[in-house]
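J.: the sequence isn't on hand, but the structure is:
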Ligand code: HEM
């Protein structure tokens, strides 16, 4: 249930951050403060999902990768405007876009794997009926 809620939050926050980021990039509409707030929500919900994964047997590696990723998202977000300024800055912008989408995808696949694991364990723990 909690992981489902996390997936919904990260989906809404991620799409909002993505839309505001693209509005800034394409149309020059500067709503970056709100963008960063939603970006931070993405990073924090990914962190919560990763901590759940890190404390679940069979998902620990995913959890550790997620925790590191959740730290990279805001650090890169805040510093990116000063990296590779000039003609090649679009590379950094594209990378930031992909890192953001990657955070959403990572949380999504962790949530799906978590649900599968829990379902499998619940099924194997069910008492067998003797006919
Ligand atoms: C804490 C997290 C985040 C922070 C601090 C952050 C920060 C920023 C900043 C400062 C800019 C303007 C950069 C410039 O002046 O060139 C920007 C742009 C942008 N962001 Fe984010 N962002 C975050 C998360 C995200 C996420 C999760 C997504 C996508 C799902 C995203 C997508 C974009 C896009 C498409 C742009 C426009 C292209 C660019 O300038 O890179 N951001 N972000």
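T.: Alright, I've got the coordinates. Model, not experiment: these values are computed from the prediction. Residues are numbered from 1 along each chain as shown.
J.: and the closest residue to residue 97 other than its chain neighbours, what's its pLDDT?
T.: Nearest non-adjacent residue to residue 97, counting by CB to CB, 6 or more residues apart in numbering: residue 21, 6.8 Å away. C-beta here means a position set from N, CA and C on the backbone, and glycine is covered the same way. Residue 21 is assigned 97 on the pLDDT scale.
J.: pretty sure residue 70 is touching residue 44, no?
T.: Yes. Checked against CB atoms under 8 Å, the pair residue 70 and residue 44 is within contact range at 7.4 Å.
J.: can you name the residues of this structure sitting close to the ligand?
T.: Neighbours of the ligand within the chain, by CB under 6 Å from any ligand atom: 14, 17-18, 21-22, 24-25, 32, 35-36, 39-40, 42-43, 73-74, 77-78, 80-81, 93, 96-97, 100-101, 103.
J.: make a PyMOL selection of the buried ones in those.
T.: Remark: buried members of these, expressed as a PyMOL selection using 16 or more other CB atoms under 10 Å:
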select buried, resi 14+17+18+21+35+36+39+40+42+43+73+74+77+93+96+100+103
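J.: so which residues make contact with stretch 27-45?
T.: The contact list for stretch 27-45 (CB atoms under 8 Å, 6 or more residues apart in numbering) reads 6, 9-10, 13-14, 16-17, 20-21, 23-24, 70-71, 73-74, 77-78, 100, 103-104, 107.
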